[in-house]
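Undergrad: make a model of this:
(2 chains)
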2 protein chains.
Amino acid sequence: MAPVLEPFFKQVDSLSESFIDRLRKAVAIPSISAQDENRKDVFRMAQFLASELEALGAEVHQRPLGKQPGKEHLDLPPVVIARYGNDKNKRTILVYGHYDVQPALKEDGWATEPFELSIDSQGRMFGRGSTDDKGPVLGWLNVIQAHREAGVELPVNLLCCFEGMEEYGSEGLEEFIHSESKGFFKDADAVCISDNYWLGTEKPCLTYGLRGCNYYSISVSGPAQDLHSGVFGGSAHEPMTDLVNVLSKLVDAQGNILIPGIMDLVEPVTEEEKSLYTNISYTMDNLHESLGSETGIHPTKERTLMARWRFPSLSIHGIEGAYSAPGAKTVIPAKVIGKFSIRTVPNMESEDVNKLVFDHIKAEFAKLNSKNKLDVWLQHDGKWWVASPKHWNFSAASKAVKQVFGVEPDMTREGGSIPITLTFEQATGKNVLLLPMGSSTDAAHSINEKLDKRNYIEGIKLLGAYLHYVAEEPLPSS
Amino acid sequence: MAPVLEPFFKQVDSLSESFIDRLRKAVAIPSISAQDENRKDVFRMAQFLASELEALGAEVHQRPLGKQPGKEHLDLPPVVIARYGNDKNKRTILVYGHYDVQPALKEDGWATEPFELSIDSQGRMFGRGSTDDKGPVLGWLNVIQAHREAGVELPVNLLCCFEGMEEYGSEGLEEFIHSESKGFFKDADAVCISDNYWLGTEKPCLTYGLRGCNYYSISVSGPAQDLHSGVFGGSAHEPMTDLVNVLSKLVDAQGNILIPGIMDLVEPVTEEEKSLYTNISYTMDNLHESLGSETGIHPTKERTLMARWRFPSLSIHGIEGAYSAPGAKTVIPAKVIGKFSIRTVPNMESEDVNKLVFDHIKAEFAKLNSKNKLDVWLQHDGKWWVASPKHWNFSAASKAVKQVFGVEPDMTREGGSIPITLTFEQATGKNVLLLPMGSSTDAAHSINEKLDKRNYIEGIKLLGAYLHYVAEEPLPSS
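TA: I've put the predicted structure just below:
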């Protein structure tokens, strides 16, 4: 049966100005995790969150993570963890967000001061961190406040995990989550992360999959030092010639990966899965708009979305050691390192992919009969993640979208990685849902980052409604 | 008949300490043309040369070249031109050199102060500019002085052209030479340039050819801005994929140029030419030593030298716009520019080469069926130069080598370019000879640049003897 949400929704509307004010205060704290000089602001932001949560009646801890590896003069910002409600008869939802932000300078091209929330006539709230991820984090606090002031009981126990290093590699968080999965987070029945974006601007989505990423380097070296191409050109094997040749054997212009065996690792597309893509609100115009060009490979939205979400891709990122400045230099570089990565999907296991990649590259290099030396290695990998969108966690979120926005959400995957998603799944063993608040035009990480007032206020309703539908979901039969 | 050189040679030996002292004074002036703050030193060096030449009885002018293009707060250093002798019955030899030097800092790794001439127990005279090109320039002055003090008449009229911007693109010189070819230089019967190096360390050489260079850029562009490879990988044509593919179609790992028609432009090797290479003092060990590796392409010295001197080569220098730093970045670059150059040889005309290059690259790109945009253009070109080594200018130099060093010189070409060589040939219409003083180990442009005392003192004898043999050469029959 559908929960009664009207009093909560009304309370959100009547508190909307104070919720915006809470976001204004948060944006005003330049909690940039990548810049040493702002570390104190990251701590200040942790304290702000902890104080607000305490004022709302939550049990709050700021958990230290020690010194920052490689920058031991800096303390890592704390993980702010909180519990609201401790009723054994309720489900417990663990929510994650981050309170640090990307760097921002007015001079970068911002139309407004990046650390002052500026609202324009269209209700766009500009400010660094507005959508990534202070708006969504405060969304959970606002949900608690609206329930308290409406006199409506929160239908679940809420656990919060808010970190301050997300924009700088989530230093220390993975170990923390693993250790707290048997501690502070042990009651969690499911996880909800609000740190991504709608596919477009009008329709909310629930995200159930992410691609992984295996990042490789190929080095080719020959002479002991860079050579003058006039003096030596034609007489020595050139590492750049060999590297370009090998790189050209990785992927074709249509995006097909040329490494034998790679595509055999990919889970076949089922008929049922195909139908998922047809219903998604997305057009080729949306693609062209985000590319800023009409250089898409595939003719249809279905094939385009599959290429981004559920098929692997291979991108060549660049070459280290070669001449990369403007102008002309007649150098033969002595050692060059090509960088490329493969976005991975089910059921590609990293070690299998590595073996195919290494074997192929070595075989292609051997064909060249070059006396240069080639080496290839994995720089880093991160696994893909796919959750079951039929889990009650998703069903609840889907009903909440329908209730708040009047539409069925798009069921999406994403091409990129949010590594902490997989960490939560593996550490807790529970279903993880990505439930975004912001839209595709929010410009996270860019200048003029914003969150639309509608996305914020209706998003608060969405997060609250989701908790109510979670409480209503039947226990799984198994 | 052989000229009488003994009194001149003896005078050179007895003046050797003062010649070294002259070099010491010149090295002490840091006439670095590339650094604004040293421009006054470049002018000081011009004045030093002019004063020394005047003291030797030459007619000297310091010709201004105006403001430096793009750096109008700087005056270009003057061309120091001089005439010694004006006898209509003598041949007139125009000699070129440069009095500016490359930058040098002790901190770069010099074992001694770069602007203090330091002579070690093996007679190596270390100092910036010692071999490039102050030693050779002063060589001509020393020749005049030794003749005067020995009471031997200089057997030719000598014209000097010493510039101060060679290490920074010879700004303004080309126009100057063209205009003076009908003026101050109009009597020149031949040109001699001492600004390159022996092939090894023991045997002098005469250089009769240089390769040209056509430098190209290929740009491939697609999206309006860089893309995240997670979000877009697989859905859009990637400029880097296309560029790498096209670059891989230019040259193979064995150095063979893959552009159809290019090799048809190359003058065939004659049997007579082949025999020239057999006699040259060079071994595969010499190649391996200079490469610092055994990554040479060809099995024999003959084929190696031909590859460097008389066949074209193609080198890929790098890519602008792609990720070139250490580490990992998952970017899809929006626009990348590949740089490559072709070293050209007789009879490759630049326009013919350009057409073949452009046609091939466009055809290869068309095969990719990519929606990206490709552009290819010539950044700059410089023509190859080959003189006749049978000209009296070379015969005279060859006899001088035999006289001073007791061996036949290696007849060499070089793979790189010295563009001013061709300018002198074209402007004067006369034969140009490259007659180096320094050896292959002199480290011009590098740290610990040096000139061996033997190369300097015997080199002065060589330059003087060359002038005597020039005077003895019969007039051409035609």
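Undergrad: tell me the residue of the stretch 51-200 of chain A that sits nearest chain B?
TA: Taking C-beta to the nearest C-beta as the measure, the point where the stretch 51-200 of chain A comes nearest chain B is A:Tyr197, at 10.1 Å. The way it works is simple: take the backbone N, C-alpha and C, and place the C-beta from them, glycine included.
Undergrad: give me every residue in the stretch 351-478 of chain A lying close to chain B.
TA: Contact residues (C-beta under 8 Å from any C-beta of the partner chain) of the stretch 351-478 of chain A with chain B: A:Leu368, A:Asn369, A:Ser370, A:Lys371, A:Asn372, A:Gln379, A:His380, A:Glu414, A:Gly415, A:Gly416, A:Ser417.
Undergrad: in contact with the closest residue to chain B within the stretch 251-400 of chain A, which residues?
TA: For the stretch 251-400 of chain A, the residue positioned closest to chain B under C-beta to the nearest C-beta is A:Gly292, at a distance of 2.4 Å. Contact analysis of A:Gly292 by C-beta atoms under 8 Å, 6 or more residues apart in numbering or on different chains lists B:Pro223, B:Ala224, B:Gln225.
Undergrad: try it again at 6 Å.
TA: Contacts of A:Gly292 were listed using C-beta atoms under 6 Å, 6 or more residues apart in numbering or on different chains, and they are B:Pro223, B:Ala224.
Undergrad: how about the one 3 residues further on?
TA: Residues near A:Thr295 by C-beta under 6 Å, 6+ apart: B:Gly222, B:Ala236, B:His237, B:Lys371, B:Asn372.
Undergrad: got the residue ranges for the helices in chain A?
TA: For chain A, the helices identified by DSSP state H occupy A:6-14, A:16-27, A:39-55, A:135-150, A:173-180, A:229-232, A:239-247, A:271-278, A:284-291, A:301-309, A:350-367, A:392-405, A:419-428, A:453-472, in order along the chain.
Undergrad: just the ones you listed: most buried one?
TA: Counting by mean count of other C-beta atoms under 10 Å in any protein chain shown, helix A:239-247 has the highest mean neighbour count of those, with a mean of 27.
Undergrad: how far does that one sit from the chain's center?
TA: Centre-to-centre, helix A:239-247 and its host chain are 33 Å apart (C-alpha atoms, centre = their mean, to the nearest Å).
Undergrad: just the angle for that helix relative to helix B:239-247, thanks.
TA: Put simply, helix A:239-247 runs at 110 degrees to helix B:239-247, going by axes from the mean of the first three to the mean of the last three C-alpha atoms, to 10 degrees.
Undergrad: still on that earlier bit, sitting in strands, which of the residues of the stretch 351-478 of chain A next to chain B do you find?
TA: Counted as lying in strands by DSSP state E, out of those, are A:Gln379, A:His380, A:Glu414.
Undergrad: just the buried residues of those residues.
TA: In terms of neighbour count (16 or more other C-beta atoms under 10 Å in any protein chain shown), the buried residues within those are A:Glu414.
Undergrad: quick one: which of the ones in strands among the residues of the stretch 351-478 of chain A next to chain B is nearest B:Tyr277?
TA: Ranked by distance to B:Tyr277 (C-beta to C-beta), those are led by A:Gln379 at 45.9 Å.
Undergrad: what's the closest non-adjacent residue to that closest one?
TA: The spatially closest residue to A:Gln379, leaving aside those adjacent along the chain, is A:Tyr215, at 4.4 Å (C-beta to C-beta, 6 or more residues apart in numbering or on different chains).
Undergrad: by mean pLDDT, point me to the weakest helix or strand of chain A.
TA: The weakest-scoring helix or strand in chain A, judged by mean pLDDT, DSSP states H and E, is helix A:271-278 (a mean of 88).
Undergrad: what's the residue of the stretch 251-400 of chain A closest to chain B sitting at in phi/psi?
TA: For A:Gly292, the backbone dihedrals (degrees, to the nearest 10) come out as phi 70, psi 20.
Undergrad: surely A:Trp392 meets A:Glu472?
TA: No: judged on C-beta atoms under 6 Å, A:Trp392 makes no contact with A:Glu472 at a distance of 9.3 Å.
Undergrad: which residues touch the residue nearest the centre of chain A?
TA: Residue closest to the mean C-alpha point of chain A, counted by C-alpha atoms, centre = their mean, is A:Ile418 at 3.7 Å. Each residue near A:Ile418 by C-beta under 6 Å, 6+ apart is listed here: A:Leu210.
Undergrad: contacting residues for A:Leu310?
TA: Slight slip there: residue A:310 is Arg, not Leu. When contacts are counted by C-beta under 6 Å, 6+ apart, A:Arg310 touches A:Val345.
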